[in-house]
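J.: Everything below, folded, please.
(one chain, ligands or ions: 1)
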Amino acid sequence: MNVTRSILTLALVIVTQQALGPQAWGQGAPAPDLEAIVAHPKIVKTLDDIKADDERAFAEQKRITEIPAPPFKEKVRAEFYQKRMQELGFKDASIDGEGNVIALRKGTGGGRPKLVVSAHLDTVFPEGTDVAVKEKDGGIVAPGIGDDSRGLAALLSLIKAMNANEIATVGDILFVGTVGEEELGNLRGVKALFRDHTDIDGFISIDGLGITRVVNRATGSHRYEFIFKGPGGHSFQEFGLPSAIHAMGRAIAKISELQTPSDPRTTFTVGTVSGGTSVNAIAAEARMAVDMRSNSTDELLKLEAQLLDLVKLAVVEENARWKSDKMTLEIKLIGDRPAGIVAMDSPIVQATQRTVAAVARGPQVTFAGSSTDSNMAMSLGIPAVTIGGGGEGGNWHSRNEWYKPVNAWYGPQNALLTVLMLTGLDGVTKPALQVRKAAK
Ligand SMILES: [Zn+2]
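T.: Numbers count the residues shown, from 1 in each chain. Predicted structure coming up:
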């Protein structure tokens, strides 16, 4: 890359972004000077190094993919990740009690602000899944190749370039490979992280691919399993007893009629049902799993309260129908992800808007709601975004997940600029991230 030209192009793009203005950075603080960051010779070199590292990073992405990391069984991949962090300069990289891989990169500012930059180690795929990487149509196919092997590889590429160029930030950075992001992991990794570290001022998850999609809203979800239990009996001889399936049917009919707002988007579904043993038996047991989601915690809790009441009412009605008290209900919470939102004028959101424009030269950022590791931070009121690791792909959570390394280096380049805006480049800019008041 022609260095002088790349600075000019970046500077030009940044000028067009000035419309956001310093007032957008909240509390009257001036916007960090992205132009000064990208024009700094060390940063020009670091951005070029990241691009030059593209092929190696892609190879590492494939290698990570071929180390299975089923939910709750991320250990082998975590050990590999810890070793890689150590090789890249973090001698003290460690694995915490929950299984997260953590490396602290000290800034010059005495520890604050502290920014987490993370990607998740786990996949949705169970033990025994064939995770071999296969070439197909100019791209590659493998379970988890994008989600989140790309994020993990982009994070290592970022670390490699920052350490090799001895980039000094003002704030501290905690680089983390998290466990338990997917499904029944229920964000156990980040939950432990925020429990153990009460001084985190901002959070970035690299999860997803294209850098123009930024997640600033956390879709919360609560999931339940309901188990209906009754006496059971012969359909003819013991007619008159309450039925677990009938009780569940009553519950589903009531749930089907629930009304939820479209803004904030709030949804529900009975996802799976099972039960009964035979066509000529009054069912002794029936089970259903229910998923509820919302971009608002209030709406999620409101929906949850209504839905739980309706299921209990269904059991009462089934008992009343047969003048019985034999039908019982067991309620199990099987999923709990908090909701939250980061305001558009928050420095972390503004930073991504400007860095994406600088790296990708033009395209606008689309802001989205999703369920990622950032949910936990957002629910705690800690500024957070989920950004893309670079490249293109699809068929998430399927064995046919595919990936193509198209402009893949944009991911770590964008992460670098975002990190520097938020933590400050020593001697050049101040951190945009504000130090939070001590958590209770
Ligand atoms: Zn993911």
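J.: what's the burial count for Lys430?
T.: Other residues near Lys430 come to 16 when the count uses other C-beta atoms under 10 Å. C-betas here are computed from N, CA, C, even on glycine.
J.: who's in contact with it?
T.: Pro32, Val170, Gly424 (C-beta atoms under 8 Å, 6 or more residues apart in numbering).
J.: Please apply the same query to Leu155.
T.: Val117, Ser118, Ala119, Phe175, Gly177, Ile206, Gly389, Pro412, Ala415.
J.: if we go to 7 Å?
T.: Counting by C-beta atoms under 7 Å, 6 or more residues apart in numbering, Leu155 touches Val117, Ala119, Phe175, Ile206.
J.: Can you tell me which of those residues lies closest to the ion?
T.: Distance to the ion across the contacts of Leu155 (C-beta to the ion) is lowest for Ala119, with 8.3 Å.
J.: How about the backbone phi and psi for that closest one?
T.: phi -150, psi 160 (degrees, to the nearest 10).
J.: got it, and Phe228?
T.: phi -100, psi 130.
J.: Ramachandran angles for the nearest residue to it once chain neighbours are set aside?
T.: Distances taken as C-beta to C-beta, 6 or more residues apart in numbering place Ala244 nearest to Phe228, at 4.0 Å, with adjacent residues excluded. The phi and psi values for Ala244, taken as degrees, to the nearest 10, are phi -60, psi -40.
J.: Only the buried residues of the helix or strand containing Asp298, if you could.
T.: Here Asp298, judged by DSSP states H and E, is contained in helix 297-321. Neighbour counts over helix 297-321 (16 or more other C-beta atoms under 10 Å) mark 297, 299-300, 303-304, 306-308, 310-311, 314-315, 317-319 as buried.
J.: In contact with the residue of the stretch 151-300 of the chain at minimum distance from the ion, which residues are there?
T.: As assessed by C-beta to the ion, the ion sits closest to Asp207 within the stretch 151-300 of the chain, at 4.1 Å. Shown in contact with Asp207 (C-beta under 7 Å, 6+ apart): Ala119, His120, Asp147, Asp148, Gly151, Thr372, Asp373, Thr386.
J.: Just the ones of the residues you listed in helices?
T.: Among those, the ones falling in helices (DSSP state H) are Gly151.
J.: Okay, and which of the contacts of Asp207 map to strands?
T.: Among those, DSSP state E puts Ala119, His120, Thr386 in strands.
J.: quick one: low-confidence parts of the stretch 251-400 of the chain?
T.: Judged by pLDDT under 70, the stretch 251-400 of the chain has no weakly predicted residues.
J.: residues from this structure in reach of the ion?
T.: Neighbours of the ion within the chain, by C-beta under 5 Å from the ion: Asp147, Asp148, Asp207.
J.: Let's see that with 6 Å instead.
T.: His120, Asp147, Asp148, Glu181, Asp207 (C-beta under 6 Å from the ion).
J.: Find the residue closest to the residue nearest the centre of the chain in space, skipping its chain neighbours.
T.: For the chain, Thr372 is the residue whose C-alpha lies nearest the centre (C-alpha atoms, centre = their mean; 1.9 Å). Distances taken as C-beta to C-beta, 6+ apart put Thr386 closest to Thr372, at 4.4 Å, once the chain neighbours are dropped.
J.: ok, that neighbour to Asp53 distance?
T.: 22 Å (C-beta to C-beta, to the nearest Å).
J.: higher neighbour count, those two?
T.: Taking other C-beta under 10 Å, Thr386 and Asp53 do not tie; Thr386 has more neighbours (28 against 20).
J.: which residues does that one contact?
T.: With contacts defined as C-beta under 7 Å, 6+ apart, Thr386 is in contact with Ser205, Asp207, Gly208, Val215, Ser370, Thr372, Ser374.
J.: Apply 10 Å and report the result again.
T.: 118, 151, 203-208, 213-218, 352, 368, 370-375, 377-378 (C-beta atoms under 10 Å, 6 or more residues apart in numbering).
J.: Pull out the buried residues from those residues.
T.: Buried among the contacts of Thr386 by 16+ other C-beta under 10 Å: 118, 151, 203-208, 213-218, 352, 370-375, 377-378.
J.: Ramachandran angles for Glu401?
T.: The phi/psi pair for Glu401 (degrees, to the nearest 10) is phi -50, psi 130.
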